[in-house]
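Got a sequence here, can you model it:
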Amino acid sequence: MGRDPRQFKEERQRWTLDSLRRVCEWLRLRTEAGLSRLLRRLGISYKRARQHVHSPDSHYLAKLRDVQVHVKASKVDPKLFIVLFQDEFTYYRQPTLASAYEVRGCQQPLAELSHGSNLHWRVTATLDIWTGRVIYSQHKLIGLKELVAFYQKVCAAYPSAQRIYMVQDNWPVHYHPDVVAALQPQLSRWPLRTPSNWPTEPRADAPRLNLPIQLVPLPTYASWTNPIEKLWRMLRQQELHLHNLADNWSALKQRVSTFLDQFAQGSQDLLRYVGLRDPDRLYRSALSPTNDTQPLRC
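Modelled structure (predicted):
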């Protein structure tokens, strides 16, 4: 099924029963129904595709190994060495579509829209790999000032931490000179890339706070390597799909806060949900000795 129909002079992108029957004439099937029954017996069905992206990062595996090293160091003394997965998330005033239970027939679940514009709001958060503790902040925009203030909030939540490893994606704002200036000198062996038209030095008035944070970049275009993405999935599933607060923007923001507040003291259930029940197993399949190729998204 993975072969391109055009290799067989079928001028289309996807196979159909008719095109399969023409190309596989050796099957001697006269009808599409017969071919359909044969495919069913062979375990082949018509399936909806999913979006897929291949990380172009040539250091994909090496970056995952770096995260593993920090996890092992943290396991020795999780109060001194903290490993947090960090990310930003945007949600909107209008509810998103999803399935829900409803009476059979023509009646459908409804996503009631507001007549107002579709406003958006931003969340930045961290997820502790050992406890499931979530620290977050909400703003209309997450810029340099908001990110530095959030890092201060994280450090205040871990007063005994000697070093906090902040594992995150490659959003350029994470590596802006004004943000990095607020942190301890960075020891990462990977370049913290920013757009070529951005300044390379922090502003004179950028705060120098010496926060004990080390930025740990994940592979580029590899969101599946960040477990906190599943926290956002849970938020969408429980609170944002088909929500009924499109005309009460402040109540929707409060509902998101209430959802995240439940993890303020940590949650083993959350760790199981995001795949961190045993952090020692993080990326184990990708880094298996038998896997000598760059992993694809699953």
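
so what does the longest strand seen in the chain touch, helix or strand wise?
With secondary structure taken from DSSP state E, the chain has its longest strand at strand 81-92. Packing contacts for strand 81-92, counted by 3 or more CB pairs under 8 Å, 6 or more residues apart in numbering; DSSP states H and E, involve helix 60-76, strand 120-128, strand 163-168, helix 228-235. C-beta coordinates here come from the backbone N, C-alpha and C atoms, glycine included.

buried ones in the longest one?
What that stands for is helix 60-76. 60-61, 63-64, 66-68, 70-71, 74 (16 or more other CB atoms under 10 Å).

what's next to that helix, contact-wise?
57, 81-83, 129-130, 165, 167, 189-190, 216-219, 222, 225, 279-280, 282-283, 286-287, 294-295 (CB atoms under 8 Å, 6 or more residues apart in numbering).

show me what contacts residue 242?
Residue 242 is in contact with 95-98, 100, 109-111, counting by CB under 8 Å, 6+ apart.

ok, back up a step: now that we have the contacts of helix 60-76, which of them are buried?
57, 81-83, 129-130, 165, 167, 190, 216-219, 222, 225, 279, 282-283, 286, 294-295.

circling back to that earlier point, just the angle between the longest strand of the chain and helix 228-235, please?
Per axes from the mean of the first three to the mean of the last three CA atoms, to 10 degrees, the angle that strand 81-92 makes with helix 228-235 is 40 degrees.

quick one: average pLDDT of strand 81-92?
The average of the pLDDT scores along strand 81-92 is 98.

centre of the chain versus that strand, how much separation?
9 Å (CA atoms, centre = their mean, to the nearest Å).

Only C-alpha atoms, please: export that strand in CSV.
Extracted C-alpha coordinates of strand 81-92, given in CSV (Å, rounded to 0.1, in the frame of the first residue of the first chain):
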residue,chain,number,x,y,z
PHE,A,81,19.2,18.9,40.4
ILE,A,82,15.8,19.5,38.8
VAL,A,83,14.7,18.4,35.4
LEU,A,84,11.7,20.2,34.0
PHE,A,85,10.0,19.9,30.6
GLN,A,86,8.8,23.4,29.5
ASP,A,87,6.6,24.6,26.7
GLU,A,88,4.1,27.3,25.7
PHE,A,89,0.4,26.7,24.7
THR,A,90,-2.2,28.9,23.0
TYR,A,91,-5.9,28.5,23.5
TYR,A,92,-8.8,30.4,22.0
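
Make residue 1 into 50 and carry on from there
Right, with 50 as the first residue, what we last looked at is strand 130-141.

Show me which residues of it are buried.
Neighbour counts over strand 130-141 (16+ other CB under 10 Å) mark 130-138, 140 as buried.

so can I have CSV of these showing distance to residue 257?
Output for these, formatted as CSV (distance: CB to CB, whole Å):
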residue, distance to residue 257
130, 23
131, 22
132, 25
133, 22
134, 26
135, 21
136, 26
137, 24
138, 29
140, 33
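
between the residues you listed, which is closest to residue 195?
Nearest to residue 195 among the buried residues of strand 130-141 is residue 137, at 9.9 Å by CB to CB.

Which residue is the nearest non-sequential neighbour of that closest one?
The shortest distance from residue 137 to any non-neighbouring residue, by CB to CB, 6 or more residues apart in numbering, is to residue 173 (4.8 Å).

Assess the claim that residue 54 and residue 67 are in contact.
No: with contacts counted by CB atoms under 8 Å, residue 54 stays clear of residue 67, the gap being 11.1 Å.

neighbour count winner among the two?
Neighbours of residue 54 and residue 67, each counted by other CB atoms under 10 Å, are more numerous for residue 54; the result is 16 against 11.

how close does that one sit to residue 68?
In this view, residue 54 and residue 68 are 6 Å apart by CB to CB, to the nearest Å.

Mutual contacts of the two, please.
residue 61.

which regions of this structure lie under the pLDDT threshold?
Applying pLDDT under 70 to the chain flags the ranges 50, 339-347.
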